[in-house]
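Just a sequence and a predicted model for now, questions to come.
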Amino acid sequence: VEAFLQQHGLSDRGFMVLNPGAGWPAKRWPIDRFHELAQRLRAIMPVIITWGGAAERAMADAIGAGNAGLVAPETNLAELWHLVSRARLFIGCDTGPLHMADAAGTPCVALFGPTDARRNGPLGSNAVVVQSPCLNYPKCWSTKFRAACRCMQNITVDMAYAPCAALLA
């Protein structure tokens, strides 16, 4: 991770981490919105997109297209911890890396839909939750209904960008 940061001139500069993955598809924010958010945020500071596994790597590549952000190298948990703990901001959905960044004290913007942020959200004082109420709750917790849940579609790029800009100000 440190070699990656040095290679891109970020070891002494601020950067933010964007993580598009989540355990189930209904908890993921649309890739095109992550891409637009990354494009807007890169005007403030560099964006690094993290991923885990081949499917998330494809998402990271799509988000980073057109110089919207740098795709992080493959990381293990210790390397991911190092990266998110160095970031000035973390943006992601209800997933492990969000909680890792929150535990590291990194300011976080958490995008939540089918899960209740009061139960599953970040606990740190530097976290802002953007919650889209799920019309199917609690049905969406059932595997049978998860694929039909579309509540993350209700979160606009502006809704995600505003707390990012505020936390970075």
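Looks like it came in fine.

drop to CA atoms for contacts and neighbour counts, all remaining ones
Will do.

in this protein, which spans are helices?
2-7, 31-41, 54-64, 77-86, 96-103, 117-120, 143-146, 157-168 (DSSP state H).

would you turn the ones you listed into CSV with mean pLDDT?
Output for those, formatted as CSV (pLDDT from 0 to 100):
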stretch, mean pLDDT
helix 2-7, 95
helix 31-41, 97
helix 54-64, 96
helix 77-86, 96
helix 96-103, 96
helix 117-120, 84
helix 143-146, 64
helix 157-168, 96
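
Would you quantify the distance from the nearest residue to residue 30 once chain neighbours are set aside to residue 126?
Nearest non-adjacent residue to residue 30, counting by Cα to Cα, 6 or more residues apart in numbering: residue 153, 7.0 Å away. Shown here: residue 153 relative to residue 126, a distance of 25 Å by Cα to Cα, to the nearest Å.

just residue 41 next, same as before
Taking Cα to Cα as the measure, residue 41 falls 18 Å from residue 126.

For the two, indicate the residue with more neighbours.
residue 41 (18 against 14; other Cα atoms under 10 Å).

Pull the contacting residues for the spatially most central residue of the chain.
The centroid of the chain falls nearest to residue 92 when counting by Cα atoms, centre = their mean (1.9 Å). Contact partners of residue 92, counting by Cα atoms under 8 Å, 6 or more residues apart in numbering, are 18-21, 98, 108-111.

repeat that for 7 Å
By Cα atoms under 7 Å, 6 or more residues apart in numbering, the contact set of residue 92 is 18-20, 98, 109-111.
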